[in-house]
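Q: Got a sequence here, can you model it:
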Amino acid sequence: MYRIFPFILSILFFASCKNETEKETEKSAPSTITSLNHKTSYTAGSDICLSFKHNGNENPKLIITNAIGTTLVPPVVNQQILNYCLPWEITSKSEIIKWKVIHKEELLLKGEFLIIPDAFQTNIESYFGPRQITAGNNDFSMLTNIPTDQYDNTLLDGTPVIVKSEFENTIETNIVRINKGIAWKNIGATKKSGRILVSSSCNETNSKQLTTIVFPAKATDFKISYKRDHTYADGNQIIELQTNVIKDEFGNIVSDGTHVNFILKNNKNMRLQTVGNTLNGKVVTKLLHPEQPDTWEIEAYVTGAAKSNTITVDFDASIKDYEFDIDTESRILTIGPLFGFIGQRVSDGLSVDIQITSEDNIIKNRKKLFTKNGLAIFEISKEFYPSGIYDIGILVAGIQKDTTLNFIDGRTE
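A: You can find the predicted model right below:
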């Protein structure tokens, strides 16, 4: 009996050791996992679940990496099948998704797949500019299209976009393809001014109509002329300066408001200027006749673009001669009456220049008077002009007359 008991203990000890060894072997057995029919591409917005067959006791981890960052996705276990369903925030964006299955810091599986845009419902944004271009062969506007799916993903490169442009009932159609999310085309300016209309479409989705305006190019050289009622320098009538219709090199009438400068040079080599802006390609501007015989040379310029011919305008004397008188008691100087080229009294406002200079040259004043009823009147007051000898010069309509007066005790000699 006592001999059998140690034997039984030995058997029990070895059986216990065997069980412990089997448990340790089972715990240290490697975890195996197999991918179940994963696709290489999915459509944005679809349900994406990665399924794996697993024979281990502990569930491995699925790590998803995309452009935003890294996400840990928990599994849904069904017997030995692990289903990792990706959240909508990931499945709705088109991009490359990389995944890894990790168990106890050991990489079991890895892979990647592509989420492509859902082109079934296409949206299209279009940008067009500049909206103002110049006629000719050099300028253009660019039409830029960004087609996207319903989740705002840009469509795949190579997707065709139809671009249509219209000018004066002529429609041009072109096919451009998306490159890096954008489909663009340059719409060249026409040689004729007007409006260019454009639109685009992708996957039967149409953009809105966009417009650019083709403005005339720079003005080319032009001609000027004048019109007046008479040739006399009366300082009253108006001379009208005008251009012909100013055009660009392609025959387009320049834009309304084009600025034209008229430069006038008279026979004293003085330069005058007047300006005008085009309306229907023409400029009309007006000037008063000079007050004395003169000759004007006139040119016109569109700054930095074009110039006109030179015209010469002569003005004849309106006043042939005149008289003046000084009242010795009141010291009143009266010039006139002044008569014009047909014997009429000159119009009010004709300028009269008077120069009064004392003998010692201490007093030297110049006065400008203006006629009223054909007369110009000036009082040589004692307060400003004391007794003494004065030279008086009178200039009317280019006619100079001089006299010398001696003021003594308020009287004139």
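Q: make it CA atoms for all contacts and neighbour counts henceforth
A: Will do.
Q: ok, residue 300 touching residue 311?
A: No - using Cα atoms under 8 Å, residue 300 is not in contact with residue 311; the gap is 9.8 Å.
Q: between the two, what contacts are shared?
A: residue 224 (Cα atoms under 8 Å, 6 or more residues apart in numbering).
Q: Who has more neighbours out of those two?
A: More neighbours surround residue 300 than the other of residue 300 and residue 311, with 27 against 15 (other Cα atoms under 10 Å).
Q: so which helix or strand takes in the more buried one?
A: For residue 300, the element it lies in under DSSP states H and E is strand 294-302.
Q: Give me the sheet partners of the next helix-or-strand element following that strand and which way each runs.
A: Using DSSP H and E, the helix or strand that directly follows strand 294-302 along the chain is strand 306-307. With DSSP bridges as the test, strand 306-307 is paired with strand 294-302 (antiparallel).
Q: what's next to the partner strand, contact-wise?
A: Contacts for strand 294-302 (Cα under 8 Å, 6+ apart): 219, 224, 233, 258-267, 307-316.
Q: Mind checking which of these are buried?
A: Using 16 or more other Cα atoms under 10 Å as the burial test, the contacts of strand 294-302 include 219, 224, 233, 258, 260-266, 307-308, 315-316 as buried.
Q: Of those, which belong to strands?
A: Among the buried ones among the contacts of strand 294-302, the members falling in strands (DSSP state E) are 224, 233, 260-265, 307, 315-316.
Q: count of neighbours near residue 357?
A: For residue 357, using other Cα under 10 Å, the count is 19.
Q: Tell me who's in contact with it.
A: With Cα under 8 Å, 6+ apart, residue 357 has these contacts: 363-365, 390-392.
Q: cool, residue 228 as well?
A: Taking Cα under 8 Å, 6+ apart, one finds 238-240 in contact with residue 228.
Q: Look at it and report its pLDDT.
A: On the pLDDT scale, residue 228 is placed at 94.
Q: can you check the one 10 residues further on too?
A: For residue 238, the pLDDT comes out at 93.
Q: Wait, it touches residue 291, no?
A: No - assessed by Cα under 8 Å, residue 238 is found out of contact with residue 291, at 11.8 Å.
Q: Looking at these two, which one has more neighbours?
A: residue 291 (22 against 16).
Q: Relative to residue 135, how far out is the more buried one?
A: 46 Å (Cα to Cα, to the nearest Å).
Q: what does residue 61 give?
A: 65 Å.
Q: neighbour-wise, which of the two wins?
A: Each of residue 61 and residue 135 has its neighbours counted (other Cα under 10 Å); residue 135 has more, 25 against 19.
Q: my read: the more buried one touches residue 195, true?
A: No - at 10.8 Å, residue 135 does not count as touching residue 195 under the criterion of Cα under 8 Å.
Q: Name the residues contacting each of these two.
A: Counting by Cα under 8 Å, 6+ apart, the residues touching both residue 135 and residue 195 are residue 214.
Q: Tell me who's in contact with the residue most central in space within the chain.
A: Of all residues in the chain, the one closest to the mean position by Cα atoms, centre = their mean is residue 130, 7.1 Å from it. Residue 130 makes contact with 140-142, 212, according to Cα under 8 Å, 6+ apart.
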